[in-house]
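**Q** My questions are about this predicted structure, shown below with the sequence.
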There are 2 protein chains.
Amino acid sequence: MRFVYDFDEDSGGGRELLGGKGVGLTEMTALGVPVPAGFTITTDACRAYLSAGGTVPDGLDAEVAAHITALEQRSGKRFGDPVDPLLVSVRSGAAVSMPGMMDTILNLGLSDTAVEGLAASTGNPRFAYDSYRRLIQMYGEVVDGVPGHRFEQTLVDLKTRAGARQDVDLGPDELRELIVSFGRIYEEETGSTFPQDAAEQLRRATRAVFDSWHSPRAQVYRRTYEIPDDIGTAVNIVQMVFGNKGAGSGTGVCFTRDPSTGEARLYGEFLANAQGEDVVAGIRTPQPIEQMREELPVAYEQLLDTLRRLEQHYRDAQDVEFTVEDGRLYLLQTRTAKRTAAAALKIAVDMVDEGVISSEEAVARIDPSQLDQLLHPMIDPDAPVEVIAKGLNASPGAASGAIVLDADTAEARGKAGEAVVLVRWETTPDDFHGMLHARGILTAHGGLTSHAAVVARGMGKPCVTGCEALTVDTNARTVEIAGHSLREGDLITINGATGEVMLGAVPVVPPRLNDDFTRILGFADEIRRLRVRTNADSPADAAKAREFGAEGIGLCRTEHMFQDEGRLELMREMILACDEAGRRAALDRLLPIQQGDFEGIFEAMRGFPVTIRLLDWPLHEFLPSLDEVEDEPTRERVHSLQEANPMLGFRAARLGLFYPEIYEMQVRAIARAAVAVRARSGEVPLVEIMHPLVAFEEELRRLRELTERVVLEEAPDIAFSIGTMIELPRACVRADEIARQADFFSFGTNDLTQTALGLSRDDAGRFLAHYLESGVLEHDPFETIDQSGVGDLMRIAIERGRGEKPGLKMGICGEHGGEPKSVAFCHGLGLDYVSCSPYRVPLARLAAAQAALAERGVKAAVAGG
Amino acid sequence: MRFVYDFDEDSGGGRELLGGKGVGLTEMTALGVPVPAGFTITTDACRAYLSAGGTVPDGLDAEVAAHITALEQRSGKRFGDPVDPLLVSVRSGAAVSMPGMMDTILNLGLSDTAVEGLAASTGNPRFAYDSYRRLIQMYGEVVDGVPGHRFEQTLVDLKTRAGARQDVDLGPDELRELIVSFGRIYEEETGSTFPQDAAEQLRRATRAVFDSWHSPRAQVYRRTYEIPDDIGTAVNIVQMVFGNKGAGSGTGVCFTRDPSTGEARLYGEFLANAQGEDVVAGIRTPQPIEQMREELPVAYEQLLDTLRRLEQHYRDAQDVEFTVEDGRLYLLQTRTAKRTAAAALKIAVDMVDEGVISSEEAVARIDPSQLDQLLHPMIDPDAPVEVIAKGLNASPGAASGAIVLDADTAEARGKAGEAVVLVRWETTPDDFHGMLHARGILTAHGGLTSHAAVVARGMGKPCVTGCEALTVDTNARTVEIAGHSLREGDLITINGATGEVMLGAVPVVPPRLNDDFTRILGFADEIRRLRVRTNADSPADAAKAREFGAEGIGLCRTEHMFQDEGRLELMREMILACDEAGRRAALDRLLPIQQGDFEGIFEAMRGFPVTIRLLDWPLHEFLPSLDEVEDEPTRERVHSLQEANPMLGFRAARLGLFYPEIYEMQVRAIARAAVAVRARSGEVPLVEIMHPLVAFEEELRRLRELTERVVLEEAPDIAFSIGTMIELPRACVRADEIARQADFFSFGTNDLTQTALGLSRDDAGRFLAHYLESGVLEHDPFETIDQSGVGDLMRIAIERGRGEKPGLKMGICGEHGGEPKSVAFCHGLGLDYVSCSPYRVPLARLAAAQAALAERGVKAAVAGG
C-alpha cells in the first residue's frame, strides 16, 4: 500500500483518501493554479497508524523521505540545511473539516543554526527569527502540549518592555531574544530542548496530526455531525511560502461571492507582510481585499483570474487562502464557501442564470434546515447577547418581551400592545388565549412536541420548552432562571431556533423572503413527487400556508375551534350535561359556529383538498382544573374525567363511538359548510373527513357508517372522502383490515412515536435531553422520524394497507412532515403527501425535491455547505 | 338436497346437520337404546328457510309427509286420525343448545274429534283431555304468541272452583271444560279457531322453530358465546310416548354421575304419571330417582343398564330425559352432563381410573376458566344475594367486610381483626398497606389491569374495579352505590369473579383444592411443552406459587419491596436527595434490605430460575401527593417529577440510565444475595436480571455493561443471565438489534397492549366496557391477548429476535400469562414459558397442556361442557 502522493500525482482517490485540503491542492495543481509544491500523506496511513494503536505503519517514513528528497530537488534547497534550508508546513486535512483537530504548523525545518542560514540567505534576519519563534510556539503547543499562554505572556512582556504596539514592531534582536525565551519555555515544559533535527520535527508533527483525531473535541464534533469515527485524516506537507517577507509579500482569505448576501463580488481580507495565522488569529486588523489592488496589483489580477477559474471548475462559490511571496501568488487552500441561507439562495439562483449549474443542482445545494432561519424573526446577528439558560428549540424564531406568568395577564398586557413572553411550568389548553397574545412562550417542562411546542409552532410563534433551569412561583410573581431572579414584567428574550434564553430585550429582525427564495422553490416544485400540504386550523393559517405554497390542508384540528371565547363555555356545557339530550342541546349551538369555521377554511383552500380531523382531545382538556371548580356535581364530573394517562385514554374515535352525537355534529357542520360554499362559489370543496386514533377495523367501520349517514342527510350529492389517522402500532400491523374502511391513511407520527417508543412527548424533556447528550440516541425522535422503529411500523402499514387496497392515498400529518430528513424518508416510503405547519411548507417543498433528486443520484448539500 | 332423516337412517352428517338432540336420538337408535320413533328435519332446511327470508324450501313438505307416512306404517296409527290418532312432539335442536329458541310442543295431531278418539282408544278420557289442553296451551304460546298467563289464570281459576290442589286432581269433565276455555282464549288472541288439521299443526310448528332462531334472546346468547349466526337449528318430530297414562307411567331426568360433586352415582328426579314438562315447570315436586326403583322396578333396571351403555358409548357423564309409558322405557334425550369445576375434575380422574378415557382426554375435558372458581373464596352458592351494582371482575374471589375509605383506616381496622373492604375512586401505591389489610378492594375507576386490579391479583385478593355506579366522599365518609347511600363501616360484599357488588355480608366459602385437582395437573404436566412460572415479589408468594406448581419466577417486581414501613422513607430520601452523593447514601441503606428480600426469594425458589426486574416505576409513585407536602423544596421536587402520562414517562430503563446508582444498587443486592445463598445452601441460585421498557439496543447495551461491571465486582464466579422485557412496539420491530444484547426476552404484554393499542389500563374502564358491550371488541385485550394486533407484534419480535440469535429464550410475564386463550397463543408462538400470578399457575399448567394437545388434534372442552 502506498501512503504518500505528490500534489501533481494522480492518486486515483478523492477526498476520502487525500482529505479536503489535499484534494484541493492536488486539483489546483492539475488546473495550473499556482500552489506551493508538496505532498499528501493519505488517510490510509492515518487509519493504519490508529488501528495499530499509534504505531507508524511500515514504509511511511521511507516514502515521506523520498518525497522530501523530490521537494529538495525541485526547490534546490535541502530540508534541515543550515545554510539555505527548505521549510515546510504540516497541515491536517480530513475529508470533512473538523474543529478540535490539530490544524497547522508552519516553518518546519528551522533550527538554531538553520535560522541563521535563512537570515543570511534571505538577507532578512527579522523574517528568519520571526519564522523560528513561530515554529517553536506552534510546535510546542500542538505537538507537545505546552500551554500557549506561556508563549503569549512572554511575547506581551517583551512588547511592553520594547514599547512595541504590534508584533511587527519588534526588531530582529528582540525576536532573537524571544527565540531563546521560547526555547527555555519549551524545555521547562517538556524536559527536552527544542528538536533540532528537521526530519524528527516532521515525524513528530505528522504523528501529532494523527493523534489529534481522537481529541475529545473532535470526537464530540464527529458525534454531533454523524461523521464516522474510523475514517481518519490526511496530512499535507507543503513547501513554505512567505507572506511575511516584506513589502512585496502578504496573505489573505477571500470568497468568490459575498457569503452573507450572495452578491457576485469579491469578498475578503488582505494583510501585507504577514503570515496567514495573523489573519486568522486577529493579531493585526486586516484590510479589505480591494486594498490589495493598490499594493500588489499584479498578484491581485492573478488572484481574480484564478478565482474565476476555480469557480468555473468547482461550479460553486469558493473560499480560498492565499499568500503572495515577493510578488508571486500562491493559493494555499480552496473550498466550497460557507454561506448564510440568503446567500445560498442568491448564489444558486445566480449560477442558474449564469448557466453554470442546472436548476436541479441549485435545488440540491440548499440546506432546508438552514432555510428555516429565513422564515422566522431572528436575533439581530450584530446584537451582543448573554445566554443564561438553554431549553429545547421548540418553535423557531426569536421573541423579546416582558415576562408574564399566566394566560390572563398575557392576554391583558398583550392586547394593550405590550410585547410579552408567557413563562409557565408548562402550558395547557387553558393557556391558549394567553399564548395567542404573547410574542413567545417559555416553559420549564415539556418536550419538542409538548402542548406549548405544538401550539406555538401552529401559531408560528417562538417557543422554548423543557428549560430545566427555570422555576416559576406564580404566588410571588417571580421566576428564577439559572440563578437569576426575575420578576413579572422583567424583559427576556428567547430564541426558539436554538433554545437559548437571554436577559433583556435583544433586538430581533424580521424574516427575509425574496425572489431567490421563490425561484428556488419554483425549481423544487418542478422536481418533487411528494405533495406538500399544511396543518392549519383557521382560514388565516390556511391563507398563510397557501402563500408558502401549500397544496391543501393535511390536518385541520377541530379542537382549537372550541377554545375561543363563548365556545369553550358551550363545550363545557356539553361535557357537563347529564344526558344525551343535554349534550345535543349544547352541540346544536356549537354546530353553526363550527360550520362557519369550516366555510372559511374551505374558501381559503379553494381547489385544494382539506382533511378535517374530528375531535381528538380528551374531554377533560376542555374543563377547568379541579381547584377552580366549586359546585359538587361539576367537581365530580371533572374528577371522574381525570385520567392517569390521557394520551392513552378516553379520546378521539373512542369518544366518537361513545358519544356519537359529537361526531355527528361535526360531520353535519362539515357537510353544511360544503353545501354553503358550493352555493356561493359554484365549486365543490374537496373534503376529507378523518377519524383519529383508530386501532380496530370495527371502530372505523362504525364511524364510517355514522359519517355516511349524516352526509346522506345533509349533502347527498357531494362526495366526501373518509379516512383515518394511522397513529397506533396496532393500526400499523392491522392496516390491511383498517384499509377496508378507509379512503385514505394519514400517518400521525407524533402519537405513533409516543406509542411505539412508549415515550410521552410531554414528559420526555428530562431524559430525552440526557439520551441525546450521552449518545443513546442520535436524533430526537419527535423531531426526526425514528426510521428503523416508527419508520418500520409505517413501512408495514403501507405494505399491508396497499396490499389490501392498491393505490390507497397516504400522507403524513405529524410534526415530522416539515423536517427534511423525515420528508426524504416519507418520499422513500412512497407516501403521496406530507403536511406540516405553514412556516415549514417551503422547507418541505425543498426537501421533497431533494429526495426526488437523491433518487436520481443527485446528492443534496450537507448542512452549512 | 335431502332435508329429512329418520332416526334409524344414516344421514352421513353429525351434530352440525342434525343438531344435538337429533344426533343423540339417532345415535341412541343405532345403539339399540329404546327411543320413540321419529325423524329429524336438518339444519340445511332451516338455513334454506332463513336465507329465503322465511320461505319453506321446495320439497320439504313432501319429505316430511313421506316420513309421517312411514311413522304411521310403523305405529299402525294415522296422523290426524279421529279414532286412534298418531301423536307427535316437535322439538328444536341446534348444534349447541340455546336459550330463547322455541323448545318443545307436545301432542301434535290432536283435534276436537281426535281427542275423543284418543279417549276411547286408550280408555283414558282424563289422559286424552289433559293431552289436548296441553297442546292448545303450548301451541298457542309458542306458535302464535298467545300470552301464557291467560291459560295459567284460567287453569288456576278452574282449580279453585273445583277445589283441586294440583293439576292431577282435575277430572275429565273439568279438563274438557278447560279445552273449551283454552280454545276460546286461542280464538280471542289469534282471531282464528285452534287448527284442527294435524298436517297444518306440524307445518306451523316447524316454521315456528325456524323463526325462533332469530328471537332476541337467542341472538344475544349467540353473541355472548360466539356461536355463528348462520348455522341454524334442526327440528325433531318424535312420536309421542306418554308418561301421564297412569300408574305404570312416569317421566324423569337424570345424570349418570353427580354433576355437583362428580361422584359416580345416579342423580336425578322422577315423577310418576306425568309428562316431562311437569318436571321442568316445577308444577309438581318430583321424587328422587331412587324412588323409581319402588314404583317401576323393571323400567328402573332397564334405565340403569341404558345409562351404563350410554356412558360407555359417549365416554363421558350423560344427562338424559326419559319417559315410561305403561311400564316401557323410552329415552328422549341424552347429552354431555354440565358439571361444576369440582365435579369435572372428579369425573375426569375417575374415568381415567376406570379405564374409560386416557389421561390426555381427561386434561382436554377440563375448562381452565372454570377451574378458576376452585382457587378463590367464593360466594356461598346457597346464600340469597342482592346485587346492587356491577363493575369489572378484576381479581377473582369474594370478600365481605366493612366499608373503609382510606388505606390507613383499612390498615388500622384490618390489623384489629376486622374484615374490611377498601373502597376508593382508584388506588395508588400509597394505598398499598391498606390493600394488604383489606379483604377486598372496590374502585370506581380503573380497568382490569389498573393499579388496584394488578396489585389485588398479585395478592390473590378479590377486587372489583371500574364500578361506574360508585361515588366516594371521603370528607363526609360516605359512599353512594347505584343510589344506595352507605357510611364507612357499613357492610358490603364484592364478587371479584363476576364484578358484582352486594349489600351486607354475604357468606363466603373457602377454595376447594383436592386430589382430583392435583392429579389432573399431574397429567397436564406430562403433556405440556410450555414451562409455567409465577409473578411473585416475596418469599411467601414464591412459596405459595411453588405449591401450585410454578417452575420458577418469571417476574419479580422490585418496587413493592420499597413500599413497606421504613423502606418508603428511604426511597423518598433517595429521590429527594439533591445530588448523587445523597442518593447513594440512601441507596446504601436500602441495599441490605433489598438483598435480604432477594435471599428469601432465591431460597424459596431453590432449583428454579428467578427473573428479577429492576426498578420499573416512575419516581413520583413513591412520593406523597402535592397536597400532602408542606416544605417548598420538596414541593418543587414533587412538582417537577409530576408527569402528564407517567406510563410513557421517566421510568424503568430510562431511570436506570439517568441515575445509574439505582440499578447498580439493585444489581449489587442481587449479586450479594446470590453469594450469600450459595454460601448457606451450596447451590447457586439461577438468577435472570431483567431490564424493563427497553426501546433501543443502545439502552440495553449500556445497562448490560453496568450490570456486568457490578456483577464482576460482587460475584465474578456466578453466571447471571441478563435480558429485557419486550413491552414496546419499537422493541418488537427492532428485536433483532435488541437480541444482540439479551440472553432472554420476556414479553410484558400489559404495557405492550397499552402502547400498541394506545390504551391506558387505568383509564380504559369507561369506554372499554362500552366497546365490549356494543361488540366493537370481542375480548378485553388486557384479559385475553389481542392476537392479531399485539400478537402480531410478538410474532414479529420472535421472528426477528431468534433470526438474530437462534434459540433465544423467550417468555411472557404480562397478566395474560395465566389466561387460557393467551396461554394457547403463547404455545403456538413457540415461547419457552408463561408466568402468571400464583393463583393462576394451575390454570396455566392446564391451558399449556391443552394447547399441546390441540396441536396433536385433541380438542379441549368448551366452557361449561
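**A** Yep, it's here.

**Q** Around the residue in the stretch 351-500 of chain A that chain B sits nearest to, how many other residues sit close by?
**A** Proximity of the stretch 351-500 of chain A to chain B (C-beta to the nearest C-beta) peaks at A:T471, 6.6 Å away. Any C-beta I mention is one placed from the backbone N, CA and C, and that applies to glycine too. Counted with other C-beta atoms under 10 Å in any protein chain shown, the neighbours of A:T471 add up to 16.

**Q** quick one: contacts for it?
**A** Each residue near A:T471 by C-beta atoms under 8 Å, 6 or more residues apart in numbering or on different chains is listed here: A:444, A:479-480, B:636.

**Q** Show me what from the stretch 501-650 of chain A comes close to chain B.
**A** Taking C-beta under 8 Å from any C-beta of the partner chain as the contact definition, the stretch 501-650 of chain A meets chain B at A:636, A:639-640, A:643-650.

**Q** how does it look with 7 Å?
**A** When proximity is defined as C-beta under 7 Å from any C-beta of the partner chain, the stretch 501-650 of chain A approaches chain B at A:636, A:643-650.

**Q** list the buried ones in the host helix or strand of A:E294?
**A** Per DSSP states H and E: A:E294 is located in helix A:291-295. For helix A:291-295, the neighbour count (16 or more other C-beta atoms under 10 Å in any protein chain shown) marks A:291-292, A:295 as buried.

**Q** do the same with stretch A:787-804
**A** Neighbour-count burial for stretch A:787-804, counted by 16+ other C-beta under 10 Å, picks out A:787, A:789-798, A:800-802.

**Q** which of the residues you listed come close to chain B?
**A** Contacts with chain B within those, counted by C-beta under 7 Å from any C-beta: A:789, A:792-793.

**Q** after the longest helix seen in chain A, next one along is what?
**A** Longest helix in chain A, counting residues (DSSP state H): helix A:580-604. Next along the chain after helix A:580-604, taking DSSP H and E as the criterion, comes strand A:609-613.

**Q** Note down every partner strand of that following strand and its orientation.
**A** Strand A:609-613 has the following strand partners under DSSP bridges: strand A:553-557 (parallel), strand A:686-691 (parallel).

**Q** okay, these in CSV with distance to A:L178 and mean pLDDT next?
**A** Below are those laid out as CSV (distance: least, C-beta to C-beta, whole Å; pLDDT from 0 to 100):
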stretch, distance to A:L178, mean pLDDT
strand A:553-557, 68, 97
strand A:686-691, 75, 98
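
**Q** And the strands in the stretch 501-650 of chain A?
**A** For the stretch 501-650 of chain A, strands defined by DSSP state E, counting those that start in this stretch occupy the ranges A:508-509, A:531-535, A:553-557, A:609-613.

**Q** Please apply the same query to the stretch 1-150 of chain A.
**A** Along the stretch 1-150 of chain A, counting by DSSP E, counting those that start in this stretch, strands occupy A:4-6, A:38-41, A:78-79, A:85-86, A:88-94, A:104-108.

**Q** what's the closest of those strands to chain B?
**A** Closest approach to chain B among the strands of the stretch 1-150 of chain A (C-beta to the nearest C-beta): strand A:88-94, 25.6 Å.

**Q** ok and the closest one relative to strand A:104-108, angle-wise?
**A** Strand A:88-94 runs at 160 degrees relative to strand A:104-108, counting by axes from the mean of the first three to the mean of the last three C-alpha atoms, to 10 degrees.

**Q** helices or strands up against strand A:88-94?
**A** Strand A:88-94 makes packing contacts with helix A:15-31, strand A:104-108, helix A:198-212, strand A:233-239 when contacts are defined by 3 or more C-beta pairs under 7 Å, 6 or more residues apart in numbering or on different chains; DSSP states H and E.

**Q** Determine the angle, from 0 to 180 degrees, between it and helix A:198-212.
**A** In terms of direction (the same axes, to 10 degrees), strand A:88-94 departs from helix A:198-212 by 20 degrees.

**Q** And the contacts of strand A:88-94?
**A** For strand A:88-94, contacts defined as C-beta atoms under 7 Å, 6 or more residues apart in numbering or on different chains pick out A:19-22, A:101-106, A:108-109, A:202, A:205-206, A:209, A:212, A:233-240.

**Q** which non-adjacent residue is nearest A:L310?
**A** Leaving aside its sequence neighbours, A:L310 sits nearest to A:Q318 (C-beta to C-beta, 6 or more residues apart in numbering or on different chains; 4.9 Å).

**Q** what helix or strand is the residue positioned nearest the centre of chain A on?
**A** Centre of chain A computed as the mean C-alpha position; nearest residue by C-alpha atoms, centre = their mean is A:S369, 4.9 Å away. Taking DSSP H and E as the definition, one finds A:S369 inside helix A:368-371.

**Q** Please state the offset of that helix from the chain centre?
**A** Mean-position distance between helix A:368-371 and its chain equals 7 Å (C-alpha atoms, centre = their mean, to the nearest Å).

**Q** Give the other helices and strands that that helix contacts.
**A** Against helix A:368-371 (3+ C-beta pairs under 7 Å, 6+ apart) you get helix A:341-353, helix A:841-855.

**Q** right, so of these, which gets closest to chain B?
**A** helix A:841-855 (23.0 Å).

**Q** Other residues contacting the closest one?
**A** A:360, A:363-364, A:366, A:368, A:371-372, A:375, A:521, A:524-525, A:527-530, A:532, A:534, A:545, A:548-550, A:817-818, A:820, A:823-824, A:827-828, A:834, A:836, A:860.

**Q** what do you get for stretch A:748-759?
**A** Counting by C-beta under 7 Å, 6+ apart, A:449, A:647, A:725-729, A:760-761, A:781-782, A:785-786, A:789-790, A:793, A:812-816, B:648, B:693, B:695, B:728-730, B:751, B:755, B:758 sit against stretch A:748-759.

**Q** Please work out which of the strands of the stretch 501-650 of chain A is packed deepest.
**A** Among those, strand A:531-535 has the highest mean neighbour count (mean count of other C-beta atoms under 10 Å in any protein chain shown), at a mean of 29.
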